[in-house]
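In: Quick one: sequence and predicted model below, then my questions.
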Amino acid sequence: MGARTEATLCDQEMAEFHPNRTFVASPNRPFLLPHPPKMTDNYLTKIDFSGFDLPQPLLQGLAELGFTHCTPIQADTLPIALTGRDIAGQAQTGTGKTIAFLLATFAHLLRHPPVADHPSPRALIMAPTRELAIQIHKDAEALGRYTNLRLGLAYGGTGYDSQRTNLTEGTDILIGTPGRLIDYHKQQIFGLKGIQVMVLDEADRMFDLGFIADVRFMLRRMPPPQRRLNMLFSATLLWRVYELAYEHMHEAHLVQIAPDRKTVEQVRQCVYYTANEEKLPLLVGMLRTMDPRRSIVFVNTKAEAEKLRVHLVANHIRASVLSGDVPQIKRMKLLDQFQRGDLPVLVATDVAARGLHIPDVSHIFNYDLPQDPEDYVHRIGRTARAGAAGDAISFACERYSFFLPEIEAFLNFKIPAGEFNPDLLANTIAPSAEALRRSREHGRPGKNHDRSTGSSSRSAPPPPASSLAWRSYPLSHDLHQLLVKT
């Protein structure tokens, strides 16, 4: 009888926030699950934002941004989060997770008064990289323009005093990276006792970059999970992420959009099997003949990035490097040039693989295949964003080809082989000895260590299959029950 009452209440709540959608009960879970949304153009659903009971300032912000219909992750997340229930969400990169949790955050703060004696901040959004934190802040500024809620931003690499000053003036929504946030918190620049909303974006990346201890430090100093709205989002949800959700969230509802499909359908993927010495001529030939107007070329190390940039420039291809130790001011300038189209090629380590929303990236080149299959997913997720199409071209060379089987196993399909045309191999121009010497100096950030990824510049053998089994292990019924208790 009790379970039936809960289901009825859930149905009523869903109908209130989602009047134009029907819901069905799941035999494995006592709460009601939505029918899969019907797609209008492989990207948006037929569900209009106006169908939700959103505060007027948010509807006005959505209208100015030109957002009318939900993506699948937004359509499935908002009916739950707008009723104050926790979310653990998974969707492919570039499908609108940021707007989903920002809408829920703004709506919750507008409808609930601040906690007495602890007014600032009221919401904390944690991101693993400064690029992602900056992007979230930018989206929040546009979406929340009419809410009168104050935004704060804290990330490492630059602006220490200016960020500190802004936070001392008070903020409602604080967005930042764990290290800088903890620094300011320990200085008592802000407290966490008044947190009403907690958002953890790209949770799996927090583990990869070694930030999870910092994240737990922050979570343990907030009010109990039952007294705040908690949202966790990621393109991939792993066992360790589920455990984090169970520990620091309250009866989190699992929302997965096509969990078996790790990449969006609009990404056209192919792989070329090349010798080591063929990679550069093939890349130069493709950049010359395919007219990739805005391309990101991924490599595994900072040293390789600098070396490749010098070779591309010698062959009259304008390119710059984005890696972990590029100063923040220069990094933002490069990204701005790339977004404007003034810089056609960005050579990047995996620091750029997550969180960056750059419109109209035409091509992703995996010049080096990544060691971690999840990094492959996030690399190619830089293209085909917001429903657009894009190409992801990978080179399986002698050095890194042994990573390919693990990537294909993670994707659950075999990446098509590109048709090799010898005419694509360009006659390349060698850079000067002085240019190569300077690139080697730039590519040595202390013992050949790339701080953007925390990985050694030497290619490491793939970990044993047994150590990877948990990554793609399906979510069990028992864990469903742990995550969703209604």
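Out: Good, I have the coordinates. Bear in mind that the values here come from a model prediction, so they are computed numbers and not experimental data.

In: pLDDT below threshold where in the protein?
Out: Counting by pLDDT under 70, the chain contains low-confidence ranges at 1-42, 92-93, 119, 258-265, 292, 351-357, 359, 384-388, 439, 441-486.

In: Is Asn427 in a helix, a strand, or coil?
Out: Of the three states, Asn427 takes coil according to DSSP: H, G, I helix; E, B strand; the rest coil.

In: With adjacent residues omitted, what lies nearest to it?
Out: Ranked by C-beta to C-beta, 6 or more residues apart in numbering and with sequence neighbours excluded, the top spatial neighbour of Asn427 is Pro281, at 7.5 Å. Any C-beta I mention is one placed from the backbone N, CA and C, and that applies to glycine too.

In: The one you found: which element?
Out: Assigned by DSSP states H and E, Pro281 belongs to helix 279-289.

In: related to what we said a few turns ago, does the residue nearest to Asn427 really touch Ile429, like I thought?
Out: No - contact criterion C-beta atoms under 8 Å: Pro281 and Ile429 do not qualify, at 10.9 Å.

In: of the two, who's got more company?
Out: More crowded of Pro281 and Ile429, by other C-beta atoms under 10 Å: Pro281, with 17 against 11.

In: neighbours around Ala133, how many?
Out: Using other C-beta under 10 Å, Ala133 has 24 neighbouring residues.

In: tell me which element it falls in.
Out: Ala133 belongs to helix 130-143, assigned by DSSP H and E.

In: Now do the contacts for Arg438.
Out: The contact partners of Arg438, by C-beta atoms under 8 Å, 6 or more residues apart in numbering, come to Val310.

In: Just the element for it, please.
Out: Per DSSP H and E: helix 433-442 holds Arg438.

In: picking that back up, for the residue nearest to Asn427, give its distance to Leu312.
Out: 12 Å (C-beta to C-beta, to the nearest Å).

In: same thing with Ala275?
Out: 19 Å.

In: Compare these two (neighbour count), which wins?
Out: Counting neighbours by other C-beta under 10 Å for Ala275 and for Leu312 shows that Leu312 has the greater number, 23 against 10.

In: Contact partners for the more buried one?
Out: Taking C-beta under 8 Å, 6+ apart as the test, what Leu312 contacts is Leu283, Val284, Leu287, Arg318, Ala319, Val345, Val347.

In: quick one, helices of the stretch 301-450 of the chain?
Out: Ranges of helices in the stretch 301-450 of the chain, per DSSP state H, counting those that start in this stretch, are 302-314, 328-340, 373-380, 404-411, 433-442.

In: Let me know the helix or strand that Leu153 is in.
Out: For Leu153, the host element (DSSP H and E) is strand 151-154.

In: strands paired with that strand, and their directions?
Out: As defined by DSSP bridges, the strand partners of strand 151-154 come to strand 173-176 (parallel).

In: quick revisit: who touches the helix holding Pro281?
Out: Contacts of helix 279-289 (C-beta under 8 Å, 6+ apart): 272, 274, 292, 295, 297, 308, 311-312, 315, 317, 345, 365, 367, 393, 395, 397, 423-428.

In: Buried subset of the residues you listed, written for ChimeraX?
Out: Remark: buried members of the contacts of helix 279-289, expressed as a ChimeraX selection using 16 or more other C-beta atoms under 10 Å:
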select :272,274,292,295,297,308,311,312,315,317,345,365,367,393,395,397,424,425,426
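
In: now the strands for the stretch 351-486 of the chain?
Out: Assigned by DSSP state E, counting those that start in this stretch, the stretch 351-486 of the chain shows strands spanning 363-366, 390-396, 449-450, 455-456.

In: Nearest residue to Pro223 in space, ignoring adjacent ones along the chain?
Out: Nearest to Pro223 is Ile195, by C-beta to C-beta, 6+ apart, at 6.1 Å.

In: Please report how far that neighbour lies from His185.
Out: In terms of C-beta to C-beta, Ile195 sits 11 Å off from His185.

In: So for these two, which residue has more residues nearby?
Out: The neighbour comparison of Ile195 against His185 (other C-beta under 10 Å) goes to Ile195, with 23 against 19.

In: Quick one: residues contacting that one.
Out: Taking C-beta under 8 Å, 6+ apart, we find Ile195 in contact with Pro121, Arg122, Ala123, Leu124, Met222, Pro223, Arg228.

In: and what of Ile175?
Out: Ile125, Ala127, Ala133, Ile136, His137, Ala140, Leu151, Gly152, Leu153, Ala154.

In: hmm, 10 Å instead?
Out: Counting by C-beta atoms under 10 Å, 6 or more residues apart in numbering, Ile175 makes contact with 102, 121, 123-127, 132-140, 151-155, 181, 199, 201.

In: That one and Val313, how far apart?
Out: 35 Å.

In: next one: Arg216
Out: Taken as C-beta to C-beta, the span from Arg216 to Val313 is 44 Å.

In: any idea how far the one helix or strand Ala88 maps to is from the chain center?
Out: According to DSSP H and E, Ala88 maps onto strand 87-90. Centroid separation between strand 87-90 and its chain, computed with C-alpha atoms, centre = their mean, to the nearest Å, is 13 Å.
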